[in-house]
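Peer 1: The amino acid sequence is not available; the structure is as follows:
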């Protein structure tokens, strides 16, 4: 993900000064939910198999095609990109339903460790615990 963002910043001058993006790293998202182990691949193809139990074709000839800069995109490139977006959405939804984060309630016991997220599934902004007072 970081490599993709770096490339986008280099490619599009409008993004050059942007220091942060609102993104969800799917590998990190499923790791924190205990669906994936650190040693397992976090590629989209592997996540589709692990989380959805499906196969996502990732043809290298299409992935490394030189025509990604040509507008409009060729139908096979558009289809490839659309499958990636759709698969990412399905992984996020399934991971959320498989192992949702516990929410803090009035009944959450004091001393419980918590993490404050920037957004649902986003990066952790801070760690702490429920106060005893």
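Peer 2: That came in fine, so what should we check first? What you see is a predicted model, and the numbers here were worked out from it, not measured in a lab. Numbering: from 1, shown residues only.
Peer 1: where do the strands sit along the protein?
Peer 2: 113-117, 124-129 (DSSP state E).
Peer 1: quick one, which of the ones you listed is nearest to residue 9?
Peer 2: Among the strands of the chain, strand 124-129 comes nearest to residue 9, with 22.8 Å by CB to CB. (Each C-beta comes from the backbone N, C-alpha and C, glycine too.)
Peer 1: now that closest one and strand 113-117, what's the angle there?
Peer 2: Relative orientation of strand 124-129 and strand 113-117, computed by axes from the mean of the first three to the mean of the last three CA atoms, to 10 degrees: 160 degrees.
Peer 1: Give me the contacts around strand 124-129.
Peer 2: 110, 111, 112, 113, 114, 115, 116, 117, 118 (CB atoms under 8 Å, 6 or more residues apart in numbering).
Peer 1: The same query, at a cut-off of 10 Å, please.
Peer 2: Applying CB atoms under 10 Å, 6 or more residues apart in numbering, the contact partners of strand 124-129 are 28, 32, 110, 111, 112, 113, 114, 115, 116, 117, 118, 119.
Peer 1: where does this protein dip in pLDDT?
Peer 2: Residue ranges of the chain with pLDDT under 70: 1-3, 99-101, 119-124.
Peer 1: Domain-wise, how is it divided?
Peer 2: Segmentation of the chain into domains, based on automatic domain parsing, reads 24-100, 102-133.
Peer 1: Make JSON lines from the ones you listed and add mean neighbour count and distance to residue 18 to it.
Peer 2: Converted to JSON lines, those look like this (neighbours: other CB atoms under 10 Å; distance: least, CB to CB, whole Å):
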{"stretch": "domain 24-100", "mean neighbour count": "14", "distance to residue 18": "17"}
{"stretch": "domain 102-133", "mean neighbour count": "10", "distance to residue 18": "16"}
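Peer 1: So for residue 9, which of these sits nearest?
Peer 2: The nearest among these, by CB to CB, is domain 24-100 at 16.1 Å.
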